[in-house]
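K.L.:
below is the structure, and that's it, no one-letter string:
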């Protein structure tokens, strides 16, 4: 596992069961991550144990702020990502020892839904370039470099106002990838000329907009503003502490890649997995995080349906809990 090539072979091999891959990563992280080892020991777990995935304790995501989450302390990270914020003291730091693993995680899942032979991907991410350690900007640059046609690119507000003029001979669909607040600011301040074959991939991030919006409100506003059907509005779920992304295609329910497992955890007892339709904290096992920590309890609120898809309901706030059996309506 200390060899990134071997780690890639294991993590992204769907012919190996998730449980087997998960146990291997768990053992490696207990053996090589001092912080994760100390975290699981009070639960009675050691490196030679073989717990099922749902039995593995999930490290609270604030651990990426409080400690050096890494499995090989003597190695310098190839990439370092930091969450957005104004003070280094309050930022999450993700030290990435293998750029190749991150690249594989990005491309494998993105191309599943948005292959470059079908899409020109346009990234509108104002403000993110002010964070030199933004994982989202790094991801966008990597996807642009990976497009063999060379058409995918960053776009400004002025570019968005004149898309058809910039691509007069295009034969592929546009995918506009942007933070929610940036897309809404564009619609509020600009005149958009409707175009054919446009789809939106929004990344969330409404907290910096002048007013909070629910996901249904946001989807409807984007659909109306860009004059495209709701099924052309997609969502991406990711964070600097994760190397993998999840996508909701044409709706609010997110799917996971085969190397990621999501569960909804009771905030008062994170060892308990919530029932279908029960609101709780989103727990994530991301095997691509093999060299940091794959077992994470986020501060995001979510719910899971009977098919294993999940919704993101916002940041967790204990005052927002609406009962143990809160059922989320389907679209």
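P.N.:
Noted; the coordinates are in hand. Quick caveat: nothing in here was measured; it's all calculated off a predicted structure.

K.L.:
quick one: stretch 263-280 to chain centroid distance?
P.N.:
20 Å (Cα atoms, centre = their mean, to the nearest Å).

K.L.:
first-to-last residue distance for it?
P.N.:
Separation of the first and last residues of stretch 263-280 by Cα to Cα, to the nearest Å is 9 Å.

K.L.:
ditto for stretch 262-280
P.N.:
Terminal residues of stretch 262-280 are spaced 12 Å apart (Cα to Cα).

K.L.:
residue ranges of the strands in the stretch 51-200 of the chain, please?
P.N.:
Remark: strands assigned in the stretch 51-200 of the chain by DSSP state E, counting those that start in this stretch are 59-60, 79-82, 93-96, 119-124, 153-154, 173-178, 198-202.

K.L.:
go through those strands and name the closest to residue 280.
P.N.:
Residue 280 lies closest to strand 59-60 among these, at 13.9 Å (Cβ to Cβ). Yep, even glycine has a C-beta here, placed from its N, CA and C like the rest.

K.L.:
and that closest one, which strands flank it?
P.N.:
Its sheet considered, strand 59-60 pairs with strand 295-304 (parallel) by DSSP bridges.

K.L.:
about what we covered before: let's have the strands of the stretch 51-200 of the chain in a markdown table, adding mean pLDDT and distance to residue 269.
P.N.:
Listed next are the strands of the stretch 51-200 of the chain as a markdown table, based on pLDDT from 0 to 100; distance: least, Cβ to Cβ, whole Å:
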| stretch | mean pLDDT | distance to residue 269 |
| --- | --- | --- |
| strand 59-60 | 96 | 14 |
| strand 79-82 | 96 | 31 |
| strand 93-96 | 96 | 27 |
| strand 119-124 | 96 | 40 |
| strand 153-154 | 95 | 44 |
| strand 173-178 | 96 | 37 |
| strand 198-202 | 97 | 33 |
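
K.L.:
nearest to residue 301, of those?
P.N.:
It is, among the strands of the stretch 51-200 of the chain and with distance given as Cβ to Cβ, strand 59-60, at 14.6 Å.

K.L.:
name the residues that touch the closest one?
P.N.:
The contact list for strand 59-60, computed with Cβ atoms under 8 Å, 6 or more residues apart in numbering, reads 35-36, 39, 69, 293, 295-297, 299.

K.L.:
what's the answer for stretch 188-200, then?
P.N.:
With Cβ under 8 Å, 6+ apart, stretch 188-200 has contacts from 119, 157, 160-164, 172-176, 178, 183, 186, 222, 225-228, 232-234.
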